[in-house]
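In: Predicted coordinates and the sequence they were generated for:
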Amino acid sequence: MKTIKVASIPGDGIGQEVVPAAEEVVKAIAALHGGLSFEFTRFPWSCEYYTETGKMMPDDGLKQLTDFDSIFLGAVGDPRVVPDHISLWGLLLTIRREFEQVINVRPAKLLNGLRSPLVNPNDFDLIVVRENSEGEYSSVGGEIYQGGDQIAIQNAIFSRKGTERAMRYAFELAKKRNKKLTSATKSNGIFHTMPFWDRIFTDVSRDYPDIETDSQHIDALAAFFVTAPHRFDVIVASNLFGDILTDLGAAIMGSVGIAPSANINVNGKYPSMFEPVHGSAPDIAGKGMANPIGQIWTAKMMLDHFGEEELGSALLATIESLLADQITTPDLGGTFSTNEVTNELIARLKKLG
Ligand SMILES: NC(=O)c1ccc[n+]([C@@H]2O[C@H](COP(=O)([O-])OP(=O)(O)OC[C@H]3O[C@@H](n4cnc5c(N)ncnc54)[C@H](O)[C@@H]3O)[C@@H](O)[C@H]2O)c1
Ligand SMILES: O=C(O)C[C@@H](O)C(=O)O
Ligand SMILES: [K+]
Ligand SMILES: [Mn+2]
């Protein structure tokens, strides 16, 4: 029996609803395999934990996570009790950085049965490779002076190493797909870092003559996500641009509640972390109406990561069968609850056995 040990961090808001649901789905699909099991260990780290302890996770939190095979996270953030920059930097961003999860892979594709809000969605299937360790997400900077003289400075960090690493990852991914890579830039307005980004893209592209490349300013690129998403295959983007593009990618699929993501540790030193694109959704938390598909599709990415692609494909196909039958939560126009969607999915998975 192969056992995969997963540290599970539901976090805040709907994370507490969709993570337990997705854990049950993972157990059900692993049971189909026979020789595979997932062992989830829950960690209560969240904004509630912060209000009790003054920290998002204990001082040895990373040490507690380090020997797990992977981390399965829901969402972090409850701005009513903890400012968002404190909660995210205290847990999510710390794990991404300290565990060198330098790449964030975020697919967006029109699943069977999904109704995109776009009039002409044209069967798009794209993946955003988001640089996940630096860029605009930086703790370098500060605030000085008071009152009307107040100044805030935030320095973006772009290293050749980090930029090239994200681009090479994206090129390798494009090689396995439709051999097209788009670079998200803004070198018309951002004077230093984006021309640097463009130069590195040109340098790296020389090693991949078979990949068709183009470079688009992020503003135009965002518009093309709406008007012609089928044009894209792989997109490589800086941390912030990738963040924004992937909520848009989720929205054109039909809901931010379905988009998955994988924070990949590429050097094998630490576990990777799997979490949906969406946040803790305070507006719907506790109502049983959160869409569990983002978390469940994220579990599919985790199955793929461990080489269980066959199970991953079966899971995605079963999700598509639910969508086709309109067994969906309200964000997709349905009337079903988180648990009803999850239970129906599990029932259909059991029938595959
Ligand atoms: N990776 C993360 O942990 C992460 C990601 C994004 C936001 N956040 C945090 O989450 C909190 C809320 O952020 P936000 O409102 O900007 O983004 P959000 O993704 O939580 O919510 C945006 C909108 O999408 C809806 N939504 C999100 N997930 C859904 C789901 N599974 N099913 C149905 N509807 C869903 C919400 O109800 C809301 O209307 C903040 O504290 C923010 O910092 C955390
Ligand atoms: O990276 C972030 O900004 C947090 C969240 O918005 C995300 O997309 O994971
Ligand atoms: K999340
Ligand atoms: Mn985001």
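Out: Perfect, I can see it now. Ligands and ions are numbered 1, 2, ... in the order given.

In: Which positions within the longest helix anywhere in the chain qualify as buried?
Out: Assignment by DSSP state H gives helix 15-33 as the longest helix of the chain. Residues of helix 15-33 classed as buried: 15-26, 28-30, 33 (neighbour count, 16 or more other C-beta atoms under 10 Å). All C-beta atoms are positioned from the backbone trio N, CA, C, and that covers glycine.

In: And the furthest pair within those residues?
Out: Largest separation among the buried residues of helix 15-33 by C-beta to C-beta: Gln16 and His33, giving 27.6 Å.

In: and which of the buried residues of helix 15-33 is nearest to ligand 2?
Out: Gly15 (11.7 Å; C-beta to the nearest ligand atom).

In: tell me the SS of the closest residue to the closest one other than its chain neighbours?
Out: Leaving aside its sequence neighbours, Gly15 sits nearest to Gly74 (C-beta to C-beta, 6 or more residues apart in numbering; 2.3 Å). Here Gly74 is strand, with the state taken from DSSP: H, G, I helix; E, B strand; the rest coil.

In: so Gly74 sits right up against Gln295, yeah?
Out: Yes - counting by C-beta atoms under 8 Å, Gln295 is a contact partner of Gly74 at 6.6 Å.

In: What distance do you get for the residue nearest to Gly15 to Thr213?
Out: 36 Å (C-beta to C-beta, to the nearest Å).

In: pLDDT score assigned to whichever residue of the stretch 51-200 of the chain sits closest to ligand 1?
Out: As assessed by C-beta to the nearest ligand atom, ligand 1 sits closest to Gly77 within the stretch 51-200 of the chain, at 2.1 Å. Note on Gly77: pLDDT of 98.

In: before we move on, what about Lys300?
Out: According to the model, Lys300 scores 98 on pLDDT.

In: for the spatially most central residue of the chain, what are its contacts?
Out: Nearest to the centroid of the C-alpha atoms of the chain, with distances taken as C-alpha atoms, centre = their mean, sits Ser261, at 2.5 Å. The contact partners of Ser261, taken as C-beta atoms under 8 Å, 6 or more residues apart in numbering, are 104-106, 246, 274-277, 298, 301.

In: thinking again about what came up before, what about Gly74 and Thr213, which has more around it?
Out: Gly74 (29 against 20; other C-beta atoms under 10 Å).

In: how close does Ala223 sit to Gly135?
Out: Counting by C-beta to C-beta - Ala223 and Gly135 are separated by 22 Å.

In: Of those two, which one has the most company?
Out: More neighbours surround Gly135 than the other of Ala223 and Gly135, with 24 against 13 (other C-beta under 10 Å).

In: which residue sits closest to that one, ignoring its sequence neighbours?
Out: Gly135 sits nearest to Asn239 (C-beta to C-beta, 6+ apart), 3.5 Å away.

In: right, and that neighbour touches Val128 too?
Out: No - applying C-beta under 8 Å as the test, Asn239 and Val128 come out as separate, 11.4 Å apart.

In: okay, those two: which has more neighbours?
Out: Shown here are Asn239 and Val128; by other C-beta under 10 Å, Val128 has more neighbours (29 against 22).

In: next one: phi and psi at that one?
Out: Here is the backbone geometry of Val128 (degrees, to the nearest 10): phi -90, psi 130.

In: Is it in contact with Gly249, as I believe?
Out: Yes - the criterion here is C-beta under 8 Å, and Val128 meets it with Gly249 at 6.2 Å.

In: Tell me how many other residues surround the residue in the stretch 101-250 of the chain that ligand 1 sits nearest to.
Out: Nearest residue of the stretch 101-250 of the chain to ligand 1: Asp247, at 7.3 Å (C-beta to the nearest ligand atom). Neighbourhood size, Asp247 [other C-beta under 10 Å]: 15.

In: how close does it get to Glu100?
Out: In this view, Asp247 and Glu100 are 25 Å apart by C-beta to C-beta.

In: if we can go back for a sec, and the residue nearest to the centre of the chain, how close does it get to ligand 1?
Out: 8 Å (C-beta to the nearest ligand atom, to the nearest Å).
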